[in-house]
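Asker: Provided below for reference: sequence and predicted model.
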Amino acid sequence: MPDIRRITATVNGQTYSREVETRLTLADFLRHELNLTGTHVGCEHGVCGACTVLVGGASVRACLMLAVQCHGQEVVTVEALAQDGRLNPLQQAFQDHHGLQCGFCTPGMLMTLTEFLREHPDPNETQVRDALSGNLCRCTGYQSIVAAALDAAKRMREMKS
Ligand code: FES
Ligand code: FES
């Protein structure tokens, strides 16, 4: 007999209430229950970082977190970054620096960097590389991603000044 619980969570500013199996991961909840397929699933073991989302403002591996653990929480996924059809500064910097090729790692990269740049608005290259050390990319060689992150930080500082 599956163990079913009702959970209520806010995802990208919208409140959802669903009955879910207690074994359902947050990644599968987002993708299959809410159709938020921007969150990608790669390794399902907490290694690749493709499934990274924010819960309560902190980045988490959605493949390692259960949906029931998000009851009462605020979840933010990559779908929330663009506003009114416009890329946010981080996304725009990825596009401008060719920070993606196949794009599979990109949602996780963006969410990791969203948290990191909020905490570190003026990072150096080493800090960016450290921040991204838990996100794997098979395509880019990371150079363009690091360049995008540094440029995004600069753009966001300029927007605030
Ligand atoms: S799918 Fe979650 S860390 Fe790889
Ligand atoms: S762009 Fe393909 S895995 Fe990163």
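Answerer: It's in. Ligands and ions are numbered 1, 2, ... in the order given.

Asker: Secondary structure of E19: a strand, I assume?
Answerer: Yes. E19 sits within a strand when classified using DSSP: H, G, I helix; E, B strand; the rest coil.

Asker: That one pairs with what?
Answerer: R6 (DSSP bridges).

Asker: Tell me the pLDDT of it.
Answerer: The confidence metric pLDDT takes the value 98 at E19.

Asker: For it, give me its contacts.
Answerer: Neighbouring residues of E19 by C-beta atoms under 8 Å, 6 or more residues apart in numbering: 4-7. Using the backbone N, CA and C atoms, a C-beta is placed for each residue, glycine as well.

Asker: most neighbours, which of those residues?
Answerer: Among the contacts of E19, the one with the most neighbours (other C-beta atoms under 10 Å) is I7, at 21 neighbours.

Asker: so what's that residue closest to, chain neighbours aside?
Answerer: Closest residue to I7 apart from its sequence neighbours, by C-beta to C-beta, 6 or more residues apart in numbering: H71 at 4.2 Å.

Asker: how much space between the one you found and N35?
Answerer: 20 Å (C-beta to C-beta, to the nearest Å).

Asker: Count the neighbours of the residue nearest to I7 for me.
Answerer: Number of residues near H71 (other C-beta under 10 Å) recorded here: 14.

Asker: Enumerate every residue touching the spatially most central residue of the chain.
Answerer: The centroid of the chain falls nearest to M111 when counting by C-alpha atoms, centre = their mean (2.9 Å). Going by C-beta under 8 Å, 6+ apart, M111 touches 52-54, 59, 76-78.

Asker: Drop the exposed ones from those and show what's left.
Answerer: Burial by neighbour count, 16 or more other C-beta atoms under 10 Å: within these this picks out 52-54, 59, 76-78.

Asker: Please tell me how far C137 sits from V20.
Answerer: Counting by C-beta to C-beta, the gap from C137 to V20 is 31 Å.

Asker: just G85 next, same as before
Answerer: According to C-beta to C-beta, G85 and V20 sit 31 Å apart.

Asker: higher neighbour count, the two?
Answerer: Neighbour totals were compared for G85 and V20, and V20 leads with 22 against 5 (other C-beta under 10 Å).

Asker: Need the nearest residue in space to the more buried one, chain neighbours excluded.
Answerer: A67 (4.8 Å).

Asker: And that neighbour, how close does it get to ligand 1?
Answerer: Going from A67 to ligand 1 by C-beta to the nearest ligand atom, to the nearest Å gives 14 Å.
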